[in-house]
Each structure stands twice: as C-alpha cells, then as structure tokens.
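1. Compute the structure for the input listed below.
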Amino acid sequence: MRFSIVPSIVFWVGISVACAQGVANEPGNAVEQQAEPKIANPMGQPTHGWWSDRSAGWIGAIGGTTIGLLGGLIGTMAGFGKARRFVFALNACLVGFGAMSLLAGGLALVLGQPYAVYYPLLLVGVILTAVCAGTWPALRKGYELRELQKMAAMDARPGNPRPNEKP
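-> Sure thing, here's the model as predicted:
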C-alpha cells in the first residue's frame, strides 16, 4: 500500500480553513470595525497596516500549515535518507524565507505597523531561522552516517575480498 501525501495536505488545509471560518463567522465574536483616527507615528507614516487582522489570521493559518508540512517532509525524507539535495535545498529555502521574514518584521516594527503585521513576520522569521538552521548539522550528520552504513554494508558482502587478503 503506497501512502500519498496529497490527501494529508488536503485534509490539513481543509481543517485550517474550517477553523479560520468558524472563528470569523462565530456569532457573538464579531468584532466591529472601529474607525481609527489617522495618527502619524514618529516617522510620519500613517498607522494603517499592510494587511488587516483578518488577513493576518489567514496568513498564519495557511502559512503555518504549509511550513509545517514542508518541515514534516524534510524530517521524513531525511529520516529515510532519501533526496539529500532536495532536503538541503528546501531547508536552505526555509532559512532564507525566515531571514527575509525577520527583516520584513523588523522593518514593519520600525515603521510602526500594527501588531497583526509585525508579529506574524517576526514569529515566522524566528521559528524558521532557528529551527531550520539549527537542524542543519543534524541533517548533514544523519546523511553522512547513512552513507557510511551503506559503504560498510557493501564492504561486508560475501565475495568482497578484504584489502589485506589476496584473491
């Protein structure tokens, strides 16, 4: 029986969307939009955000699900010792995305963007750079150990003369 990852992805994206819809449409939790006065921050930028609170929820739901699935894919592939180049390329992309997110979050904080803008950017940036960059040595060592095990298994095959033995 072959396991396909597509049903899992569809399932988790559906759960994320359902949860986001349920929170947004729940009666009694409706947050009325209040008109905020346009007050300039110290740098003279308006206080309206790059995106709304609701959009931040969607970004967090879809982005968190996607990043979690990619992290699971990295862990699964590395655990089986498969697709070394793909795993390291994906891990490097996630570290790069985390670094860019950190920079964007820092910029949003300096520009006086609201909490719903800078917090998700900083959160994703810190998590991705810390986790993905932190697992890099373990991934490398795991692949090296698998390679050494393969080489030792090939050397131990019957019919393989030892280096000091004459055929």
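
2. Now the strand or helix carrying Phe86: average pLDDT?
-> Following DSSP states H and E, the helix or strand that holds Phe86 is helix 84-110. Looking at helix 84-110 alone, the average pLDDT works out to 95.

3. what's the following helix or strand after that helix?
-> Stepping forward along the backbone from helix 84-110, the first helix or strand reached (DSSP H and E) is helix 115-155.

4. looking at this protein, which helix or strand is least sure?
-> Least confident helix or strand, the chain: helix 5-25 with a mean of 58, by mean pLDDT, DSSP states H and E.

5. Tell me the first helix or strand C-terminal of that one.
-> Counting by DSSP H and E, the element after helix 5-25 in chain order, helix or strand, is helix 53-80.

6. Could you check the angle that next one makes with helix 84-110?
-> Using axes from the mean of the first three to the mean of the last three CA atoms, to 10 degrees, the inter-axis angle of helix 53-80 relative to helix 84-110 is 150 degrees.

7. Show me what helix 53-80 is packed up against.
-> Under the contact definition 3 or more CB pairs under 8 Å, 6 or more residues apart in numbering; DSSP states H and E, helix 53-80 sits against helix 5-25, helix 84-110, helix 115-155. Where you see a C-beta, it was placed from the backbone N, CA and C, and this is true even at glycine.

8. now the angle from that helix to helix 115-155?
-> Our comparison of helix 53-80 with helix 115-155, counting by the same axes, to 10 degrees, yields an angle of 10 degrees.

9. could you give me the average pLDDT of helix 53-80?
-> Along helix 53-80, the predicted confidence averages to a pLDDT of 92.

10. Can you point out the buried residues in that helix?
-> Neighbour counts over helix 53-80 (16 or more other CB atoms under 10 Å) mark 56-57, 59-61, 63-65, 67, 70-71, 73-74, 77-78 as buried.

11. Return the member of those nearest to Asn91.
-> When the buried residues of helix 53-80 are compared for distance to Asn91, the smallest value, 5.8 Å, is given by Ile74; criterion: CB to CB.

12. How about the contacts made by the closest one?
-> When the contact criterion is CB atoms under 8 Å, 6 or more residues apart in numbering, the partners of Ile74 are 87, 90-91, 94, 135, 139.

13. same thing but 10 Å
-> Contact criterion CB atoms under 10 Å, 6 or more residues apart in numbering gives 83, 86-88, 90-91, 94, 132, 135, 139 as the residues in contact with Ile74.

14. closest to Ala108 among those?
-> Nearest to Ala108 out of the contacts of Ile74 is Leu94 (CB to CB; 20.4 Å).
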